[in-house]
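**Student:** fold the following, please.
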Amino acid sequence: MHIEHHPLVHEFPELRAELHALRQSDPAFARLADEYEVLDQRICGMEDGVEVLADDALNALKHQRGVLKDQVASRLKPAASCCGCCQG
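**Tutor:** Below is the predicted model:
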């Protein structure tokens, strides 16, 4: 069975540069992105049989991954559309 990973660079390929820049310049964003990536790896491990978890618990982790992805997206999209003039 093929396990599909969901790293942020694949979730937001058009925002790869912004993702990298925010990870470098914003420690809070970097922690959020790292939390997403660690959770994604854990979910992939469970789906691959490395770690066993009940279906409802796995679904809760997938929901949490979706929430984190939404938080990352809400921080990425404004960074992608900003011309930089509002940065102080």
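**Student:** tell me which residues in the top helix by length along the chain are buried?
**Tutor:** As assigned by DSSP state H, the longest helix anywhere in the chain is helix 55-81. By neighbour count on 16 or more other Cβ atoms under 10 Å, the buried set for helix 55-81 is Leu58, Lys62, Arg65, Leu68, Lys69, Val72, Arg75, Leu76, Ala79. Heads up, the C-betas are built off the backbone N, CA and C, glycines and all.
**Student:** put together CSV for the residues you listed, with distance to Glu51 and pLDDT on each row.
**Tutor:** As requested, the buried residues of helix 55-81 are exported to CSV (distance: Cβ to Cβ, whole Å; pLDDT from 0 to 100):
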residue, distance to Glu51, pLDDT
Leu58, 10, 92
Lys62, 14, 95
Arg65, 15, 97
Leu68, 19, 98
Lys69, 21, 97
Val72, 24, 97
Arg75, 29, 93
Leu76, 29, 91
Ala79, 34, 72
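**Student:** could you single out the nearest of the residues you listed to Phe29?
**Tutor:** Nearest to Phe29 among these, counting by Cβ to Cβ, is Arg75 at 5.5 Å.
**Student:** residue ranges with poor pLDDT in the chain?
**Tutor:** 1-3, 81-88 (pLDDT under 70).
**Student:** I am finished for the moment; much appreciated.
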